[in-house]
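In: missing the sequence, but the structure's below:
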C-alpha cells in the first residue's frame, strides 16, 4: 500500500483525538505552537523509551509463556518506562510553562505528548503490519494512549492548582502506569482464551474515567464564568 496512505492511517486517529481534546478546552485554549512542540516532545519520548528499554530487556529476559513474568513485562518494562518518558516532558518542561494556567491544561499537554508518542509508535508498527495493524490500533492502542494521557494530566492539573500538592504528581505517573500496564498485560497473555476482552474492558474503563476527568477540570477552570460567579458570591 502507498506509504502516504499508511502514514495517514497511522496519524489520523491521534489527530482526531487531539482535536477533540483541544475543542474541549472551552475557556482558555493553548497556543498552537506550544501544542505542536508538545507533540514532538512525545515523539522524542518514544526514542527515550527505546534507549531505556533496550539495555533493560537484554538484562531481564521475559518468558512469553509465563503469566507472572508477563506482568513484570507489562507494568514495569513497558508501562512504567513509557509513561515516565512522557512524564519527563509534561512535568519538567510543560508544567512550569506560563500557559499551563488551569487544571484542564494538564490534560491537554499530557494527551498531546501521549499522541506524539503513539504517532511514532504507530508508524513503526504499521510499517511492519500494514493496513490491518493500522485499523486495529486505530480503535485500541491510540485511544488507550490518549486515556493514559488524560489520567496523567488530571492529576498534574490537581498538583498545580490544588495548593500545589506535590503528591498528585506521583499519582499522575502511577495511575497512568497502572492503566497502561493492565491494558498491555491482557494483550500480552492473550494466549489465555478470552482474556483479550479484559484489555478492551480496561480501555472502556479508562475512557469512562477520562470523560469524568475532562468534565471535572472544565468545571474547575478559573476562566469558567460559572466558577467566577461562585467565587464572587463567596467573597460577597
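Out: Now that the structure is in, tell me what you want to look at. Note that this is a predicted model, so its numbers are computed, not measured.

In: ok now stretch 108-125, how far from the chain's centre?
Out: A distance of 8 Å separates the centroid of the chain from that of stretch 108-125, by C-alpha atoms, centre = their mean, to the nearest Å.

In: which stretches of the chain form strands?
Out: In order along the chain, the chain carries no strands (DSSP state E).

In: which residue is nearest the middle of this protein?
Out: residue 149 (2.4 Å; C-alpha atoms, centre = their mean).

In: how close does the residue lying closest to residue 115 once chain neighbours are set aside get to residue 223?
Out: In this structure, residue 115 finds its nearest non-sequential neighbour in residue 14, 4.0 Å apart by C-beta to C-beta, 6 or more residues apart in numbering. Every residue, glycine included, has its C-beta placed from N, CA and C. Residue 14 sits 26 Å away from residue 223, going by C-beta to C-beta, to the nearest Å.

In: The two - which one has more neighbours?
Out: The neighbour count for residue 14 versus residue 223, taken as other C-beta atoms under 10 Å, is higher for residue 14 (25 against 13).

In: so who does residue 24 touch?
Out: 104, 214, 218 (C-beta atoms under 8 Å, 6 or more residues apart in numbering).

In: Can you tell me which of the residues you listed has the most neighbours?
Out: Busiest of these [other C-beta under 10 Å] is residue 104, holding 32 neighbours.

In: Just to check, that residue is in contact with residue 215?
Out: No: under the criterion of C-beta atoms under 8 Å, residue 104 makes no contact with residue 215, lying 10.0 Å away.

In: can you pull the pLDDT of residue 91?
Out: Model confidence at residue 91, given as pLDDT, is 97.

In: From the structure, what's the count of residues near it?
Out: 21.

In: That one: what's its closest spatial neighbour, skipping adjacent residues?
Out: That would be residue 169: by C-beta to C-beta, 6+ apart, it lies 6.1 Å from residue 91.

In: Could you report the neighbour count for that neighbour?
Out: Other residues close to residue 169 by other C-beta under 10 Å number 21.

In: just residue 162 next, same as before
Out: Neighbours of residue 162 (other C-beta under 10 Å): 12.

In: quick one on the thing from earlier: how far away is the residue nearest to residue 115 from residue 154?
Out: 19 Å.
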